[in-house]
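Peer 1: My questions concern the predicted model and sequence given below.
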Amino acid sequence: MNLARIVGPHPAKALALVQGHRRVSYGQLRAQVARSRAGLVANGVGPDDRVGLLCPSSPEFVVAYLAVLGVGAVAVPLNPQSPLEELSQQLSAVRPVALVVGPAEEGAGESLVGRELVVLPAVDLPASTGPNAGMVDRLADEPAALLFTSGTAGFPKAAVLTHGSLLANIEQMGLRVGTAATSDDVALLLIPPFHIFGLNAVLGVQLFVGGVTVLAQRFDPASTFELVQSEKATILPGVPELFAALAGHLEANGDELATIRLAVSGAAPLASEVAARFHERFGIRLWQGYGLTEASPAVTFPDLTGHYDPRSVGMPLPGVEVRVVDSDGNAVLAGDPGEILLRGPNVFAGYFEDTAATERVLDAAGWLHTGDVAVMSDEGELTIVDRRKDLIIVSGFNVFPAEVEQVLARHPGVVEAAVIGVPNPPHGESVRAFVVPQASLWPESSEVPGLSEPELVLYCARHLARYKCPARVSFVRALPRSMHGKALRRQLH
């Protein structure tokens, strides 16, 4: 098997990808991917090699992704907006042999060539005039992609998603009545493909069924409405922030989304108020599912033929086992909160080269311990009531406090820092930092000369992706601590 074969069965003239005036059919896509496989092989890329993808949402990303999988290598999608330091850390963690870069990212690619890797342009990936390279067969449990995630604890790790887990989740999503995509569907991809939601739950599904994926270069309500209308989009996936922005657009008259048959919110908790405003404005029910990178990603989704409850994330997908348990691992009663455990062919293989972290979340029986808390109804429907301890979710992206704290602590004027998430509708949460400055900088007033909130925010922006940077910084004389000396984030507010 090889996940890249999902584009094989579709009619050559059927439309696959749209971006602006560009139209790519499935026949053209297959031809471009075949040539790009040859380009990768000519540059020394082979089975099990890791290849970074530093490309925006574009046809070039899709071609490079499928080509990397096709030669048996492992794709590592990266955030093009990440600062060089973060990209360098991620590349050091997975040690790719090549980095495919988009036109706007070529400067970053050149800055990262100090390591032993080949930088290849995504726009002209083929570097060989020789014959096209054939597809390499892989086993279901062999890795297809590494996606960086905060996991259930610690700093961002690379989750190993296999050909089998990614394909299994695509097939599972297709078995839920009322939600299954078909070749007639046109999905708007507003979630960047370095995020598992965009990569597999949207792009992967559309390529599998032979539908059309409209690749948006940016999000704003006006351009989104235009894309939906011009391309007659039928599926609109996004994070809660997106739907809040659409519902709040003052110039919308309510008819802009008339072609949408399915609106899906994911990657962060959906507030009932956002779902209500969206429905009131456009007459479309907004459904939310539950998933995580380690599950490729979808775990549950509502039955669209049943009752509508915007708080519910629905039932487990076919083939996914879900348990809700107490701290001792025993099943809780219906309606009582407990941790979500799940098992199925869509579960990841573990964290890349991190056995200890893998064993903390995957037990011997194959159950993935998510750290997320939910209640389950008698009918098996889940409602999320809490999430992984300390994890902050900003516009659907995971931020682990320790990563931000470490960056802040490197500033010469900072002794230590603690980071928490605070509610920030419609973005879900924002990052707030509490900083203990050097004693010599602490005056009698609340101002800290030479150490300002804007300075620390800018400092973080040089080292972290923008969504990980604090929106607020407060200066404190000391952090609250437990009897063991550990900073107590829960006491900060």
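Peer 2: Perfect, I can see it now. Remember, predicted model here, so these are calculated numbers, not experimental data.
Peer 1: Can you pull out the low-pLDDT segments for the stretch 351-493 of the chain?
Peer 2: Within the stretch 351-493 of the chain, the stretches with pLDDT under 70 are 386-389, 440-450, 481-486.
Peer 1: can you map out the helices along it?
Peer 2: 355-361, 401-409, 453-461 (DSSP state H, counting those that start in this stretch).
Peer 1: Does anything pack onto the last one? Which helices or strands?
Peer 2: Applying 3 or more Cβ pairs under 8 Å, 6 or more residues apart in numbering; DSSP states H and E, one finds that helix 453-461 contacts helix 401-409, strand 472-475. C-beta here means a position set from N, CA and C on the backbone, and glycine is covered the same way.
Peer 1: List the buried residues for the shortest one?
Peer 2: Going back to what we said before, that points to strand 472-475. Buried residues in strand 472-475, counted by 16 or more other Cβ atoms under 10 Å: 473, 475.
Peer 1: do the longest one as well
Peer 2: By 16+ other Cβ under 10 Å, the buried positions in helix 401-409 come out as 401, 403-405, 407-408.
Peer 1: starting at the chain centroid, how far to stretch 89-103?
Peer 2: 18 Å (Cα atoms, centre = their mean, to the nearest Å).
Peer 1: Any chance you could list what contacts that stretch?
Peer 2: 40, 43-45, 49-56, 58, 60-61, 64, 68, 76, 78, 80, 82, 108-109, 112, 115-123, 125, 146, 148, 156, 158, 352 (Cβ atoms under 8 Å, 6 or more residues apart in numbering).
Peer 1: and it, average pLDDT?
Peer 2: Averaged over stretch 89-103, pLDDT sits at 91.
Peer 1: thinking again about what came up before, want to throw the helices of the stretch 351-493 of the chain into CSV with distance to Arg261?
Peer 2: Converted to CSV, the helices of the stretch 351-493 of the chain look like this (distance: least, Cβ to Cβ, whole Å):
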stretch, distance to Arg261
helix 355-361, 36
helix 401-409, 39
helix 453-461, 40
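Peer 1: Show me the one of those that comes nearest Gln229.
Peer 2: Among the helices of the stretch 351-493 of the chain, helix 453-461 comes nearest to Gln229, with 35.7 Å by Cβ to Cβ.
Peer 1: what residues does that closest one touch?
Peer 2: Residues outside helix 453-461 that contact it (Cβ under 8 Å, 6+ apart): 83, 404, 407-408, 411, 414, 433, 435, 468-473.
Peer 1: Could you give me the buried positions within that helix?
Peer 2: Neighbour counts using 16+ other Cβ under 10 Å place 453, 456-457, 459-460 of helix 453-461 among the buried residues.
Peer 1: Now list the buried members of the contacts of stretch 89-103.
Peer 2: Of the contacts of stretch 89-103, these count as buried by 16+ other Cβ under 10 Å: 40, 43, 45, 49-56, 58, 60-61, 64, 68, 76, 78, 80, 82, 108-109, 112, 117-122, 125, 146, 148, 156, 158, 352.
Peer 1: now, which of those residues lie within strands?
Peer 2: Using DSSP state E to define strands, the subset of those located there is 50-54, 76, 118-121, 146, 148, 158.
Peer 1: And these, which two are furthest apart?
Peer 2: With Cβ to Cβ as the measure, no two of those lie farther apart than Pro121 and Ala158, at 24.2 Å.
Peer 1: can you list the helices and strands packed on helix 453-461 in JSON lines and add distance to Leu342?
Peer 2: Output for these, formatted as JSON lines (distance: least, Cβ to Cβ, whole Å):
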{"stretch": "helix 401-409", "distance to Leu342": "25"}
{"stretch": "strand 472-475", "distance to Leu342": "35"}
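Peer 1: For Met315, find the nearest of those.
Peer 2: Nearest of those (Cβ to Cβ): helix 401-409, 32.3 Å.
Peer 1: Quick one: residues in contact with that closest one.
Peer 2: Contact partners of helix 401-409, identified using Cβ under 8 Å, 6+ apart, comprise 150, 154-156, 390, 392, 414-421, 431, 433, 435, 456, 459-460, 463-464, 468-470, 489.
Peer 1: pLDDT value on Phe243, please?
Peer 2: 91.
Peer 1: Quick check: it touching Val264?
Peer 2: No - Phe243 lies out of contact with Val264 (Cβ atoms under 8 Å); the separation is 9.6 Å.
Peer 1: shared neighbours of these two, which are they?
Peer 2: Contacts common to Phe243 and Val264, judged by Cβ under 8 Å, 6+ apart, are Leu286.
Peer 1: which of the two has more neighbours?
Peer 2: Remark: of Phe243 and Val264, Phe243 carries more neighbours, 27 against 22, as counted by other Cβ atoms under 10 Å.
Peer 1: Check for me that the more buried one belongs to a helix.
Peer 2: Yes - under DSSP: H, G, I helix; E, B strand; the rest coil, Phe243 sits within a helix.
Peer 1: What separation do you get for it and Leu166?
Peer 2: The gap separating Phe243 from Leu166 is 26 Å, by Cβ to Cβ, to the nearest Å.
Peer 1: how about the helix ranked longest in the chain: buried residues?
Peer 2: Longest helix of the chain, by residue count under DSSP state H: helix 26-42. Of the residues in helix 26-42, 26, 28-30, 32-41 count as buried by neighbour count, 16+ other Cβ under 10 Å.
Peer 1: just the CA coordinates of that helix, formatted as CSV?
Peer 2: C-alpha atoms of helix 26-42 as CSV (Å, rounded to 0.1, in the frame of the first residue of the first chain):
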residue,chain,number,x,y,z
TYR,A,26,-6.6,14.6,-11.2
GLY,A,27,-4.8,13.6,-14.4
GLN,A,28,-2.5,16.6,-14.2
LEU,A,29,-2.0,16.1,-10.5
ARG,A,30,-0.9,12.5,-11.0
ALA,A,31,1.5,13.5,-13.8
GLN,A,32,3.0,16.3,-11.6
VAL,A,33,3.4,14.0,-8.7
ALA,A,34,5.1,11.3,-10.9
ARG,A,35,7.6,13.9,-12.2
SER,A,36,8.3,15.2,-8.7
ARG,A,37,9.0,11.6,-7.5
ALA,A,38,11.7,11.5,-10.1
GLY,A,39,13.0,14.8,-8.9
LEU,A,40,13.2,13.5,-5.3
VAL,A,41,14.9,10.3,-6.3
ALA,A,42,17.4,12.3,-8.5
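Peer 1: OK, contacts around the spatially closest residue to Ser223 that is not a sequence neighbour?
Peer 2: Leaving aside its chain neighbours, Ser223 sits nearest to Ala216 (7.4 Å; criterion: Cβ to Cβ, 6 or more residues apart in numbering). For Ala216, the contacting residues are 57, 188-190, 223-224, 227, by Cβ under 8 Å, 6+ apart.
Peer 1: Any chance of a PyMOL selection covering the buried ones in these?
Peer 2: Here is the PyMOL selection string for the buried members of these, based on 16+ other Cβ under 10 Å:
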select buried, resi 57+188+189+190+224+227
